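Engineer: One predicted model, sequence on top.
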Amino acid sequence: MERREEQPGAAGAGAAPALDFTVENVEKALHQLYYDPNIENKNLAQKWLMQAQVSPQAWHFSWQLLQPDKVPEIQYFGASALHIKISRYWSDIPTDQYESLKAQLFTQITRFASGSKIVLTRLCVALASLALSMMPDAWPCAVADMVRLFQAEDSPVDSQGRCLALLELLTVLPEEFQTSRLPQYRKSLVRTSLAVECGAVFPLLEQLLQQPSSPSCVRQKVLKCFSSWVQLEVPLQDCEALIQAAFAALQDSELFDSSVEAIVNAISQPDAQRYVNTLLKLIPLVLGLQDQLRQAVQNGDMETSHGICRIAVALGENHSRALLDQVEHWQSFLALVNMIMFCTGIPGHFPVNETTSSLTLTFWYTLQDDILSFEAEKQAVYQQVYRPVYFQLVDVLLHKAQFPSDEEYGFWSSDEKEQFRIYRVDISDTLMYVYEMLGAELLSNLYDKLGRLLTSSEEPYSWQHTEALLYGFQSIAETIDVNYSDVVPGLIGLIPRISISNVQLADTVMFTIGALSEWLADHPVMINSVLPLVLHALGNPELSISSVSTLKKICRECKYDLPPYAANIVAVSQDVLMKQIHKTSQCMWLMQALGFLLSALQVEEILKNLHSLISPYIQQLEKLAEEIPNPSNKLAIVHILGLLSNLFTTLDVSHHEDDHEGPELRKLPVPQGPNPVVVVLQQVFQLIQKVLSKWLNDAQVVEAVCAIFEKSVKTLLDDFAPMVPQLCEMLGRMYSTIPQASALDLTRQLVHIFAHEPAHFPPIEALFLLVTSVTLTLFQQGPRDHPDIVDSFMQLLAQALKRKPDLFLCERLDVKAVFQCAVLALKFPEAPTVKASCGFFTELLPRCGEVETVGKVVQEDGRMLLIAVLEAIGGQASRSLMDCFADILFALNKHCFSLLSVWIKEALQAPGFPSARLSPEQKDTFSQQILRERVNKRRVKEMVKEFTLLCRGLHGTDYTADY
């Protein structure tokens, strides 16, 4: 392979390296990589070695690095370099050197058969890559040749070494195929060739596996090799003998893991369902593992029980439909289902005593889907057989969902507790899904069990059993409409009888009440049965999340029936807020709950409750406003502002949120007079301005102030109108002093809701002009440090064009400067900013005709916009943004066709623009395609995607196959 050094195309290493790629330098760099304590030196060595591997000289030094006197680390690098050269630079190798390269690799593999295993594997991967590149034409019987060559008796290596080397080569061949970069047409050719070649592999594997004299290491390698080959979708019937041999090998503890992997891979092939007769033969083999499974469970052998469960689930989950269709074999399939049930209910707590049961959950989804997909008559037959199975499954799952004893749970690590929580969520999802099959009878079943448990005087019940049954109820009620269930009233009646002595049980009681909040809205007489429990739980910090979220649900769903309880709810909430029992996020939820609650009261009542609720915070805020800014009082200010904004998010006396649900749900008349939120905001406005004056430099405080008004505007809509002038004035002052994105976002909200109203247009126009002027100045100073401001500014401009294009008619607005800044923003590296800028142009370009200043600017500077778009498509922007740039091209073509037709031809005439990889013909084709398509936006997006791949040199590569 001496001529490789002259191959220029194989370099790929960029600029000339500081050191020549010689054997000596490679060895020095490897020593530096492995033994130099300095991390920077290691990184430099790694970078240089990566360049060395792809250099033309790699063909020369790779073989020298494999010399017997080298250490394995150096030999490994030589073998890896060979693999990289063969797999990535195959086209550089002259065809007349294929055979010599093949012979050299065979020689090296034979030599390393009794040497370093990691080097042997790497050489096998290199030969596998060579075989895949030569098959089927240049090396038609590659696999058969490999088998023949390694079975030759004249080899210096002992027969076991040769056998293991051959098995390693045969194992890595399918694996290399799966990860190879072969073009799609070659991949299908090679796959077909390999499928034929398995005729040379499987008989050898069967012989070695069944041969009594085969040592354990050879049999293990055989199983791994079989596991690798079945992933090439070999027909299941061709694998029968090897699968049976693998089942037999399960009795050998050394071969157990490899056997499981091979069987699962063989059974799980998508094509396997076509071979029903073979699948039916596998059922007795799987059922035959039940004694071994029970023994493993008894002995606490988690690895064995896990492996056997994987096999049973693989057969059941992948082929339940095919096996259900074999009606005459229904009993054997039911036996398999019962075996999987045993795995679901395997004794012990997940994940501490067992890790198997979670594997089975998807099977129950699949089986149910398959049963329910049959036509009515057949489905009725299967329902008769499997409904009892699914009722048993519910009992098993609820048993598995039970918490361990308090003492045992105390020893669990936080990671184990988190895994158990996720496991319970998976059980909850399964129960919810099973409801589709079992229906209302499932709820009755759970209710009867809970009733017997709570009313039985014979034996004391465990809190774990009660909690699990409630958890089952909660799982179903959270997602299924239980409003018409006849057992819910009984359940609500049972809940107060539960003796709550444990946090986990109390949590589940809370979440169950929360899940039934919609039912309570339809049955308000029952609210008083559960509300005291919720209010009592609010005072317990351990129940923070469950109690607050449940109160929030009740206040949202039942607000029109809560006025009699409002005083009590507000009093308890105020108490826990003042005592600071809950974390910040739960305090925010609690304020949202109170917002829902107050929305249903009379205005006077709302104002009275608001006064008592927020007065302490206003007093605290007044005190903080006087203090010198420091980190601790900043946290307090942000917290108070957050409480107010969350309260105003849901305090909606005009019931806007009910509008979409129909007029019959609007139980209260729309109040007359000022909105209570506006009254409060006007009262605290001066105070907020005072806070702002000291904290204008702090983005977090400014954001918290803007959030109060933004959430209020979103909730109140037109009711916010009295606040518009003073808010516009305040925003203007804020933004002029220190520009921040949150102020622009609030301005956008005001434009969206109020700009179209004549009464509010003047203050909004003044604010819009002010923030635009300030932002344009920011662009002159250098906007790169403020991508968030540029993003929000672009969104504001787009909103203005969408809601009130008149804002662009003002003489004081420098539309040309705005346009140029937006073009600049297209070149930002931040994707959200670029998207927002594209959104602005797609709103602006359709206004060319109706807004004179816009039309003039597009005529003068539109070419600059097109250049920026083409540069982005040419490779300067992320490929994920191409749809956004396609939208601009489409808008230009639709609204400025005559201009675009001139600009695009001029722009693309420039040599190397937008990419040096394009030919003049390709550029011409693109411009013609774009100019022809003025109707179908999707088609333009496809053209742009195609063109950007050409620009980047990626067109037709596997790398972009799914793009």
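Structural biologist: Arrived safely.
Engineer: Could you give the number of residues near residue 327?
Structural biologist: 10 (other CB atoms under 10 Å). Just so you know, the C-beta spots here come from the backbone N, C-alpha and C atoms, and that holds for glycine as well.
Engineer: My guess is residue 895 contacts residue 846. True?
Structural biologist: Yes. Contact criterion CB atoms under 8 Å: residue 895 and residue 846 qualify, at 5.4 Å.
Engineer: mind listing the helices for the stretch 351-500 of the chain?
Structural biologist: Along the stretch 351-500 of the chain, counting by DSSP state H, counting those that start in this stretch, helices occupy 361-372, 376-400, 406-410, 414-438, 440-455, 463-477, 488-494.
Engineer: Export the ones you listed as JSON lines, with columns for distance to residue 617, mean pLDDT and mean neighbour count.
Structural biologist: Putting the helices of the stretch 351-500 of the chain into JSON lines (distance: least, CB to CB, whole Å; pLDDT from 0 to 100; neighbours: other CB atoms under 10 Å) gives the following:
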{"stretch": "helix 361-372", "distance to residue 617": "47", "mean pLDDT": "96", "mean neighbour count": "18"}
{"stretch": "helix 376-400", "distance to residue 617": "45", "mean pLDDT": "95", "mean neighbour count": "15"}
{"stretch": "helix 406-410", "distance to residue 617": "39", "mean pLDDT": "93", "mean neighbour count": "11"}
{"stretch": "helix 414-438", "distance to residue 617": "34", "mean pLDDT": "96", "mean neighbour count": "17"}
{"stretch": "helix 440-455", "distance to residue 617": "42", "mean pLDDT": "92", "mean neighbour count": "17"}
{"stretch": "helix 463-477", "distance to residue 617": "34", "mean pLDDT": "94", "mean neighbour count": "24"}
{"stretch": "helix 488-494", "distance to residue 617": "35", "mean pLDDT": "92", "mean neighbour count": "18"}
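Engineer: Among the ones you listed, which comes closest to residue 621?
Structural biologist: Residue 621 lies closest, by CB to CB, to one member of the helices of the stretch 351-500 of the chain: helix 414-438, at 37.4 Å.
Engineer: Compute the inter-axis angle for the closest one and helix 376-400.
Structural biologist: Orientation of helix 414-438 against helix 376-400 (axes from the mean of the first three to the mean of the last three CA atoms, to 10 degrees) gives an angle of 150 degrees.
Engineer: Measure how helix 414-438 sits relative to helix 361-372, angle-wise.
Structural biologist: Using the same axes, to 10 degrees, helix 414-438 lies at 10 degrees relative to helix 361-372.
Engineer: what ranges of the chain fall below the confidence cut-off?
Structural biologist: The model of the chain has pLDDT under 70 over residues 1-18, 153-157, 458-460, 655-673, 955-963.
Engineer: Please go through it and pick out the longest helix.
Structural biologist: Counting residues, the longest helix in the chain under DSSP state H turns out to be helix 184-210.
Engineer: Check which residues of that one are buried.
Structural biologist: Buried positions in helix 184-210, judged by neighbour count with 16 or more other CB atoms under 10 Å: 187, 190, 193-194, 197-198, 200-202, 204-206, 208-209.
Engineer: Could I get the full set of helices for the stretch 751-900 of the chain?
Structural biologist: 761-781, 787-803, 815-825, 831-844, 852-871, 882-895, 897-909.
Engineer: right, and the ones you listed - which one's nearest residue 593?
Structural biologist: Of all these, it is helix 787-803 that lies closest to residue 593, at 30.8 Å by CB to CB.
Engineer: Residues contacting that closest one, please?
Structural biologist: 739-742, 744-745, 747-748, 751-752, 755-756, 768, 771-772, 775, 778, 783, 807-808, 818, 821-822, 825, 828, 830, 832-833, 836-837, 839-840, 842-844, 847 (CB atoms under 8 Å, 6 or more residues apart in numbering).
Engineer: Check stretch 374-385 too.
Structural biologist: Residues from elsewhere that reach stretch 374-385, judged by CB under 8 Å, 6+ apart: 324, 330, 334, 371, 372, 437.
Engineer: switch the cut-off to 6 Å
Structural biologist: For stretch 374-385, the surrounding residues in contact (CB atoms under 6 Å, 6 or more residues apart in numbering) are residue 371.
Engineer: Alpha carbons of that stretch, as PDB, please.
Structural biologist: The C-alpha coordinates for stretch 374-385 follow below in PDB (Å, rounded to 0.1, in the frame of the first residue of the first chain):
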ATOM      1  CA  PHE A 374     -61.000  -7.400  16.300                       C
ATOM      2  CA  GLU A 375     -64.500  -7.300  14.800                       C
ATOM      3  CA  ALA A 376     -67.400  -7.300  17.300                       C
ATOM      4  CA  GLU A 377     -68.100 -11.000  17.300                       C
ATOM      5  CA  LYS A 378     -64.500 -12.200  17.700                       C
ATOM      6  CA  GLN A 379     -63.800  -9.400  20.200                       C
ATOM      7  CA  ALA A 380     -66.700 -10.600  22.400                       C
ATOM      8  CA  VAL A 381     -65.200 -14.100  22.600                       C
ATOM      9  CA  TYR A 382     -61.800 -12.700  23.600                       C
ATOM     10  CA  GLN A 383     -63.300 -10.300  26.100                       C
ATOM     11  CA  GLN A 384     -64.900 -13.300  27.800                       C
ATOM     12  CA  VAL A 385     -61.500 -14.900  28.100                       C
END
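Engineer: How far away from the center of its chain is stretch 217-230?
Structural biologist: The chain centroid and the centroid of stretch 217-230 are separated by 34 Å under CA atoms, centre = their mean, to the nearest Å.
Engineer: my bad, should have said stretch 112-131
Structural biologist: Worked out by CA atoms, centre = their mean, stretch 112-131 lies 37 Å from the chain centre.
Engineer: which parts of that stretch are buried?
Structural biologist: Quick answer for stretch 112-131 (16+ other CB under 10 Å): 112-113, 115-116, 119-131.
Engineer: residues in contact with that stretch?
Structural biologist: With contacts defined as CB under 6 Å, 6+ apart, stretch 112-131 is touched by 72, 75-76, 79-80, 82-83, 86-87, 105, 108-109, 142, 157, 161-162, 165, 168-169, 172-173, 176.
Engineer: Show me what counts as buried in stretch 608-617.
Structural biologist: Result for stretch 608-617 [16+ other CB under 10 Å]: buried residues 608, 609, 610, 613, 614, 617.
Engineer: Stretch 793-807 now?
Structural biologist: Along stretch 793-807, these residues count as buried under the neighbour rule (16+ other CB under 10 Å): 793-801, 803-805, 807.
Engineer: now do stretch 267-274
Structural biologist: Those would be 267, 268, 269, 272, 273, for stretch 267-274 by 16+ other CB under 10 Å.
Engineer: got it, and stretch 913-931?
Structural biologist: 914, 915, 918, 922, 923, 925, 926, 927, 929, 930.
Engineer: Output it as CSV - backbone C-alpha positions only.
Structural biologist: What follows is stretch 913-931, C-alpha atoms only, in CSV (Å, rounded to 0.1, in the frame of the first residue of the first chain):
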residue,chain,number,x,y,z
PHE,A,913,-22.2,33.1,-4.2
PRO,A,914,-24.0,31.9,-2.1
SER,A,915,-21.7,28.9,-2.1
ALA,A,916,-18.6,27.9,-4.1
ARG,A,917,-20.0,24.4,-4.5
LEU,A,918,-22.8,25.5,-6.9
SER,A,919,-22.6,25.4,-10.6
PRO,A,920,-24.1,28.3,-12.7
GLU,A,921,-26.7,25.8,-13.9
GLN,A,922,-27.8,24.9,-10.4
LYS,A,923,-28.1,28.6,-9.5
ASP,A,924,-30.1,29.3,-12.6
THR,A,925,-32.5,26.3,-12.0
PHE,A,926,-33.1,27.5,-8.4
SER,A,927,-33.9,31.1,-9.4
GLN,A,928,-36.3,29.9,-12.1
GLN,A,929,-38.0,27.5,-9.7
ILE,A,930,-38.5,30.2,-7.1
LEU,A,931,-39.9,32.7,-9.6
